[in-house]
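Visitor: Coordinates only, no sequence provided:
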């Protein structure tokens, strides 16, 4: 087992900037060492653990949203969600996903809201705690925050960055289907649908940029440098997230038999795949930010293998 080297805290250094440090080390060299840092920190294992927590958060969150809509008497909202998932994953997969919606709409809205919300909060908080753990290992920090401080911060991040990420996913992957479902259920004009399909791209971009910037700044158990030093890593994380999510959306859109091929597990498989790709994008971006700061501090070695 190996470990990533500790990144010295550099927020008090003066007289240099991120762009100059990047020019000095070179982008190719930085990306190579960042991937080494990611591997030394066991980034793939942390990504898998985070992906699992993401899935545990998304499904009860869906049930809670539908339960809230039912309590407020917004049956059209439930119809829109149902139609969206039928368009995204036709066949058995769509039936599995929409069964949760139907259970939340058939007179049990209060129970669905309470149980789904409680499960989503717990899983979301745990997911943000996992992000701190993975971020700390990437920066070479051996200890997480004390339990109370760690999970209090994690709960706040879940309600901000976590919610923004989920909304960005829904808007980007299912945006067209949401627009079509709204038009079918409410009878809105084609013009409104066109405006929505254009606006959903910058909207999802703003949500995910804000979420990742917040996670980069607040997750690690250390004093982070100024946002300019985190910009490269967070920018690459955003680019990777959009690339991964767009490829997944294209696959679902072009594969008309997606639901029929994978059967009733198709929806869960799709969520797990997206969650893993999201976690990889996040931790790879963090590794780049950490390695750039390590170069700035004069400790460019990303890690070392333990002696036998």
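Guide: Cool, got the structure. Here the structure is a predicted model, which means the values were calculated and not measured.

Visitor: Can you list the low-confidence ranges for the stretch 101-250 of the chain?
Guide: Counting by pLDDT under 70, the stretch 101-250 of the chain has low-confidence residues at 101-112, 172-190, 249.

Visitor: Please identify the helix or strand for residue 130.
Guide: helix 109-138 (DSSP states H and E).

Visitor: what's the angle from the next helix or strand along the chain from that helix to helix 109-138?
Guide: The helix or strand immediately downstream of helix 109-138 is helix 147-157, counting by DSSP H and E. Here helix 147-157 runs at an angle of 120 degrees relative to helix 109-138 (axes from the mean of the first three to the mean of the last three CA atoms, to 10 degrees).

Visitor: Next, the buried residues of helix 147-157.
Guide: 150-151, 153-155, 157 (16 or more other CB atoms under 10 Å). For every residue, glycine as well, the C-beta is placed using N, CA and C.

Visitor: next one: stretch 30-40
Guide: For stretch 30-40, using 16+ other CB under 10 Å, the buried residues are 30, 33-38, 40.

Visitor: again with stretch 156-174
Guide: Across stretch 156-174, burial judged by 16+ other CB under 10 Å covers 157-158, 160-166, 168-174.

Visitor: Tell me, what's the model's pLDDT at residue 28?
Guide: Confidence at residue 28, expressed as pLDDT, is 92.

Visitor: Whichever strand or helix holds it versus helix 109-138: what angle between them?
Guide: Using DSSP H and E, residue 28 falls within helix 27-40. Compare the direction of helix 27-40 with that of helix 109-138 by the same axes, to 10 degrees and you get 110 degrees.

Visitor: Who are the packing partners of helix 27-40?
Guide: Applying 3 or more CB pairs under 8 Å, 6 or more residues apart in numbering; DSSP states H and E, we find helix 27-40 packed against strand 3-4, helix 266-296, strand 303-304.

Visitor: How about residues contacting it?
Guide: Under the contact criterion CB atoms under 8 Å, 6 or more residues apart in numbering, helix 27-40 has outside partners 2-5, 22, 138, 283-284, 287-288, 290-292, 294-295, 300, 302-304.

Visitor: buried stuff in the helix holding residue 130?
Guide: Result for helix 109-138 [16+ other CB under 10 Å]: buried residues 109, 112-113, 115-117, 119-138.

Visitor: what do you get for stretch 239-249?
Guide: Buried residues in stretch 239-249, defined by neighbour count with 16+ other CB under 10 Å: 240-242, 244-245, 248-249.

Visitor: same check, this time on stretch 224-231
Guide: By neighbour count on 16+ other CB under 10 Å, the buried set for stretch 224-231 is 224-225, 229-231.

Visitor: which among those gets closest to residue 276?
Guide: residue 230 (23.3 Å; CB to CB).
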